[in-house]
Each structure stands twice: as C-alpha cells, then as structure tokens.
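Trainee: The following comprises the amino acid sequence and a computationally predicted model.
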Amino acid sequence: MSFAEKLKNGNFLITSEVGPPKGVNIDKHLEEAETLKGKVDGFNVTDLQSSVMRLGSLVVCHLLAERGLEPIFQITCRDRNRLALQSDLLSAYILGIKNVLILTGDHPVLGDHPEAKPVFDLDSVSLLKVASTLAEGKDMKGNELDGKPEFCLGAVVNPGADPLQPQLIKMEKKIEVGAKFFQTQAVYDLGEFEEFMNKAEKFKVPILGGIVLLKSAGMAKYMNDKVAGVSVPERYIKMMREAKKGERAKVSIQIASELIKGMKNLCQGVHIMPLGWERYVPEVLKASELIKKEH
Amino acid sequence: MLITQIKPEEEILPKISLKRLFIIECPGCEEVYFPAEDVERFINRLKEEIIGRVSLDYLCNREFVKEYLRYYSKKIEEAEAVLVFSCGVGVQIVSSLLEDKPVYTACDTLYLKGFQGLRVQDFDCDQCGECYLNYTGGICPLTNCPKGLLNGACGGAKDGKCEVDPEADCAWILIYERLKKSGKLGILKKVLSPRNYQKIITESLSREEVKR
C-alpha cells in the first residue's frame, strides 16, 4: 500500500529521514534505509538541510524508490525560482516520486555558503498551490501540461511556535492550497503538543509528530537556545548528562520511545529525524512498540 | 522622490471599510510624479465617506508626521480607517504611528532605476510596484523579512527574533501583532500570489511619466 493510500485509510504512520551526504558516498545511507524496509511508511529526503550544500534530494529519492522504499521528496524555496521548482516537481513524478513535502527552507546565511543569493521566489504556501495546479494539468501561468503528474503533498508546522496562532493560520492556508499531511518540528513537551493538537484537530488533516533523537545534553541545550519552538525539558537534559558515554544512545532511545508512546493517542503518526543516528531507528520503533508486520 | 501610481479601485475598495475614512496625501515628490488627477477622481467618488483630509509634504519625515498626526488625532480617532496616498515609505511611517488604526495604501510604488537621494531601504520600501501593505498591517514583508515571504512566518523566529539576524524582530510576528491589535487578523488568511518581477524589470522602464 502506498503512503498516500495509508494516509487515506487513517493508518498510524511512521516516517524516517535520510540526510544526503556532503559528497557522493551514498551506500551507507541506502543500506541503513534498507534495514527499515517494512518498518516505516516513508523516508523524507532532506533538501540541502540547514542550507548546507550536499547531494540532492531528488536523486536520493530516486535511489530509494529503486530499492522499493517509499521516498518523500523535500523541496524548499531557497535555491530555485518558480521555473526550476515546477520543473523539478515534474521530474520527481517521472521518477515515480509522488510524495512531496514542501517547505520555505532555511536562509543561506545559516549554512556553509552564506554568501549565496537567497531565492525565495515562492514561499511554502504558494509552492503548495503551484504543485496542486500542476496536478490539475496546468502550470502556474495556466498553460496546459502534456500529461498530468500526481502528488501527495505535505507541509510542516511548528507546534512549539510562540505565538502559535500565526502558525495555525498558515497551516490553514497550506491545507486550503493542497497540503494532505503535516510533519512537525521536534516535540519534547507532550503537554504543549497536546494543546497544539487540540487546536489543530479541527483541520482534519493527519499530523505526524516530530521526533529528533537527542545525542547529548549539549545538543539539547543548543536546541533550547537556538531552535525555534523547541524546548527540551530539564528532566531529559539531566538523563542525557548522567548517561555514561557508551549508554547515551540507550538513554536517547528511551526518551524517544517515551515521547512516541505519549503521541500515539494524540496524533496520526510520528516522523523520526535521526540526524546521523539512523542505525538506532529500529530500536526506537521496538521500544515504542511500533514494529510493523512485514508486508 | 518616489514614483507612485494609484492602485486599481477594485483592488483597494473591497478591502477597506468605506465608512468614515481619513485621507492623507503626500505630494512631496510631485515634481517627479504624483498622480494628482487620479487621486482627485478617486476621492471625489468616495466624497461622502470622507471625514477628514489632509495633504502633508514628505510623509517620509517621521518627526514631522508625528506632530501632524497628533494635531489631527481627534478626527483620526473618529475614522474607521486611514487611507494614504503616498509611496510605501509614507504608508509605513503613518501605519507605525497609528498602531491601533487600520491604515491602507491607495498606491503602488514603482521601481526607479538609478535612484538618487534618500535611500529607500532606510525606509523599508522596495518599490515593488504592487504594494502589499494593505494585507500586512502596513509593515512591508519584502523589506523586513529576509526571505521576503508573503504568506506568513517561516517558523524560524526565536523569541520573536529573526533566524537570520537575532537583533531584528520577525517581521511576520510584528505583522500578526499589528493586525491583531486593529482587529483585522482575518486578512492573514488570504493566500497571496507570488510577486510579479516584471514590475521592476520592464514596467517601470516603459512608463510614460518616467520617459517624459
């Protein structure tokens, strides 16, 4: 069953993430993804995450699809104008990639080429609208396409944003122009997440709660200081600080599974962002009692 | 010192309450170009709903405008909205001084190559030729958001500060707060179309007024 069909059926969905390398050695990433075959419903492939130049999302999506894994093509507005974005969406469809997650993208000054020209010709809302228009057989200027692509479009939302209301307004706009699912920024505070879900429930669009595996107490503190809408509670920071060096991964898995178990009754799925710790995802799923039957 | 042109009526009128308007015009750049006749025609049609009208040279001078707005504060208080005929600089100055009042622009500011004099960016107008200020509480997202987003915050702001410059306020949070204050949050729900870059590439160059 495809990701889009599972969405329609209302299955509890699990997605993981593949971060393309800076370079061309991709084998390790593909092997790690293959260990999750049958265990997750889709793999987001990030698009020059954090504005760092890397191998592209589209080609890695293609390599995953070739191996029978279901990719979710992340596409940002940072690097391409409206011509290139539309063209890449058509290319994705030709390669059998239908799931697309549309984001604005980080600003180039945050990455490793801060001198780059920021494009942002479209934004996440207008690009979603354009993708929906392509699926109706027209480009954004209304010109007929020779053959229609099909997409399952997703978007992101930050449940910890302060103030939250503008996020909810933007979320509603994204739904209006075609978003069929949402993945969220990392969640560490289930109380806050529940409040968000109470407000977002009325939109009736599946929401996959975001899980980022903590690697150290330092990483948690860094996120609290620098990342918008993320607040790791002191309790988790303490757990990570007190973990012996060889046991950090174990503690991190324990924290992630506690959060996932808490989310099961709140939202429609989880999106795990392992950030280099892909090898631990099977254990996270096991500890969260989310191991799916092979199919 | 900027070139303005009046917006199409159908673009302004549905958005603003037609009741009790206070009009502010700025013919400060008249020597260059101010669409005086268009303004007169437009205002004539709205005549019955206008409760006050003032013409102030150089709305880009904040201190000067502040004093005048204080002088007219009683009339402005009675108005449902303030409609400004000026470049994007003037509109943003007026709207920043009247935070609780909906302030709308009736004009688009056109791109002028080889711009001399005041630096526009000091005053937050990008001369985009399709002024968005009526949708954004009088705060320009093109010049105040480093991504120039038109449909709301990117989600990267931390404690109200921009991800690109932690010293700078997130323009979209300011826009949200301004619209909330004036009871116009509903405007944020509208999906805005992407910018038309032809307005700065070709249209401004072919304008008759500029050629003259």
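Mentor: Received it, and whenever you're ready, just let me know what you need. All of these numbers come straight from a predicted model, not from anything done at the bench.
Trainee: list the contacts for the residue nearest the centre of chain B?
Mentor: In chain B, the residue lying closest to the centroid (CA atoms, centre = their mean) is residue B:91, at 3.7 Å. Neighbouring residues of residue B:91 by CB atoms under 8 Å, 6 or more residues apart in numbering or on different chains: B:59, B:84, B:103, B:105, B:107, B:131, B:133, B:138. C-beta coordinates here come from the backbone N, C-alpha and C atoms, glycine included.
Trainee: Does the fifth one touch residue B:86 like I think?
Mentor: Yes: in terms of CB atoms under 8 Å, residue B:107 counts as a neighbour of residue B:86; the distance is 6.5 Å.
Trainee: Find residues that contact each of these two.
Mentor: Applying CB under 8 Å, 6+ apart, one finds that residue B:107 and residue B:86 are jointly contacted by residue B:4.
Trainee: Secondary structure element holding the residue nearest to the centre of chain B?
Mentor: For residue B:91, the element it lies in under DSSP states H and E is helix B:88-97.
Trainee: Report pLDDT for residue B:125.
Mentor: Looking at residue B:125, its pLDDT stands at 84.
Trainee: Distance-wise, check it relative to residue B:154.
Mentor: 22 Å (CB to CB, to the nearest Å).
Trainee: Same question for residue A:235.
Mentor: 30 Å.
Trainee: Settle it for me: which of those two has more neighbours?
Mentor: Using other CB atoms under 10 Å in any protein chain shown, the more surrounded residue of residue A:235 and residue B:154 is residue B:154, with 27 against 9.
Trainee: Near chain A, which residues of chain B? Just list them.
Mentor: B:146-160, B:163-164, B:172-173, B:176, B:185, B:188-189, B:191-195 (CB under 8 Å from any CB of the partner chain).
Trainee: What's the PyMOL line that selects buried ones from the residues you listed?
Mentor: Provided next is the PyMOL selection string for whichever of the residues of chain B next to chain A are buried by 16 or more other CB atoms under 10 Å in any protein chain shown:
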select buried, chain B and resi 146+147+148+149+150+151+152+153+154+155+156+157+158+163+164+172+173+176+185+188+192+194+195
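Trainee: Could you list the low-pLDDT ranges of the stretch 1-150 of chain A?
Mentor: By pLDDT under 70, the stretch 1-150 of chain A has no low-scoring segment.
Trainee: Now do the buried residues in the helix or strand where residue A:169 lies.
Mentor: Element membership of residue A:169 [criterion: DSSP H and E] is helix A:165-176. Applying a neighbour-count criterion of 16+ other CB under 10 Å, one finds A:166-176 buried in helix A:165-176.
Trainee: That one - what's its average pLDDT?
Mentor: Taken as a whole, helix A:165-176 carries a mean pLDDT of 97.
Trainee: just checking, what packs against that helix?
Mentor: Contacting helix A:165-176 under the criterion 3 or more CB pairs under 8 Å, 6 or more residues apart in numbering or on different chains; DSSP states H and E are the following elements: helix A:124-135, strand A:152-157, helix A:190-200, helix B:171-181.
Trainee: Could I get these in a markdown table, plus columns for distance to residue A:33?
Mentor: As requested, those are arranged in a markdown table below (distance: least, CB to CB, whole Å):
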| stretch | distance to residue A:33 |
| --- | --- |
| helix A:124-135 | 25 |
| strand A:152-157 | 19 |
| helix A:190-200 | 27 |
| helix B:171-181 | 36 |
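Trainee: ok, residue A:205 - contacts?
Mentor: Each residue near residue A:205 by CB under 8 Å, 6+ apart is listed here: A:175, A:179-182.
Trainee: Same check on residue A:133?
Mentor: Contacts of residue A:133 (CB under 8 Å, 6+ apart): A:139-140.
Trainee: Could you rerun that using 7 Å?
Mentor: When contacts are counted by CB atoms under 7 Å, 6 or more residues apart in numbering or on different chains, residue A:133 touches residue A:140.
Trainee: how close does the residue nearest to the centre of chain B get to residue A:101?
Mentor: Taking CB to CB as the measure, residue B:91 falls 37 Å from residue A:101.
Trainee: just for chain B, where's the confidence low?
Mentor: Short version for chain B, where the test is pLDDT under 70: B:1-2, B:13-18, B:31-32, B:112-123, B:201-212.
Trainee: where exactly do the helices run in the chain?
Mentor: Picking chain A for this. A:3-9, A:27-34, A:57-66, A:82-94, A:124-135, A:165-176, A:190-200, A:217-226, A:234-242, A:248-263, A:281-287 (DSSP state H).
Trainee: let's do chain B instead
Mentor: Under DSSP H, chain B gives helices at B:9-12, B:36-46, B:62-71, B:73-78, B:88-97, B:141-144, B:171-181, B:198, B:204-206, B:208-211.
Trainee: picking that back up, and of the contacts of residue A:205, the nearest to chain B?
Mentor: Distance to chain B across the contacts of residue A:205 (CB to the nearest CB) is lowest for residue A:175, with 10.9 Å.
Trainee: quick one: contacts for the closest one?
Mentor: For residue A:175, the contacting residues are A:203, A:205, by CB under 7 Å, 6+ apart.
Trainee: next one: residue B:95
Mentor: B:103, B:137-138.
Trainee: go on, residue A:174?
Mentor: For residue A:174, the contact set (CB under 7 Å, 6+ apart) comprises A:124-125, A:128, A:155.
Trainee: can you rerun that using 10 Å?
Mentor: By CB atoms under 10 Å, 6 or more residues apart in numbering or on different chains, the residues touching residue A:174 are A:102, A:124-125, A:127-129, A:153-157, A:180, A:182, A:203, A:205, B:151-152, B:191.
Trainee: Once you drop chain neighbours, what's closest to residue B:164?
Mentor: residue B:146 (4.3 Å; CB to CB, 6 or more residues apart in numbering or on different chains).
Trainee: Run a quick neighbour tally on the closest residue in space to residue A:93 that isn't next to it in sequence.
Mentor: Excluding the flanking residues, the one nearest residue A:93 by CB to CB, 6+ apart is residue A:149, at 3.5 Å. Residue A:149 has 19 neighbours, counted by other CB under 10 Å.
Trainee: What separation do you get for residue A:149 and chain B?
Mentor: In this view, residue A:149 and chain B are 20 Å apart by CB to the nearest CB, to the nearest Å.
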